[in-house]
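K.L.:
Provide a 3D model corresponding to the input given below.
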Amino acid sequence: MIKLYMMIALGGASGACLRFFISESMLKLLGRGFPFGTLTVNILGSLLMGILYGLIDKEIITASPAKTLIGIGFLGALTTFSTFSMDSLLLLQQGHFIKMALNIILNVMVCIFMAWLGLQLVMQKG
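P.N.:
Residues are numbered from 1 along each chain as shown. From the prediction side, this is the model:
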């Protein structure tokens, strides 16, 4: 059981570091006018989650330990639903209704699409 938690911790630490790097990079590149960092990590994480599940489904990799290390640890720390929720709430409180709606629509719809795309990329290779 300790090995399982260590894998989650290792994946989580790596995902959190990448999340910080991407968020900071987007902030420097595009500014504070819209939560692009959160959107970017959610899109990337959704694509990677689709790829992971496709690889598991095709038995290219085994669910354990990949699902634990990558799915729960790395992608769990990389993607940022709690940050997405707070970003949306702050936009609402600041009266930026269009930006809030855009943030919600993009994070939900684009991320679902990216998860589907990631799965399709793996499933079509045969």
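K.L.:
Check which helix or strand the most centrally placed residue in the chain maps to.
P.N.:
For the chain, Gly45 is the residue whose C-alpha lies nearest the centre (C-alpha atoms, centre = their mean; 2.7 Å). If you go by DSSP states H and E, Gly45 is part of helix 36-57.
K.L.:
Which elements pack onto that helix?
P.N.:
For helix 36-57, the packing partners by 3 or more C-beta pairs under 8 Å, 6 or more residues apart in numbering; DSSP states H and E come out as helix 2-30, helix 63-66, helix 75-78, helix 81-93, helix 111-123. C-beta here means a position set from N, CA and C on the backbone, and glycine is covered the same way.
K.L.:
That one versus helix 2-30: what angle between them?
P.N.:
Interaxial angle of helix 36-57 relative to helix 2-30 (axes from the mean of the first three to the mean of the last three C-alpha atoms, to 10 degrees): 140 degrees.
K.L.:
Give me the distance from helix 36-57 to the chain's centre.
P.N.:
5 Å (C-alpha atoms, centre = their mean, to the nearest Å).
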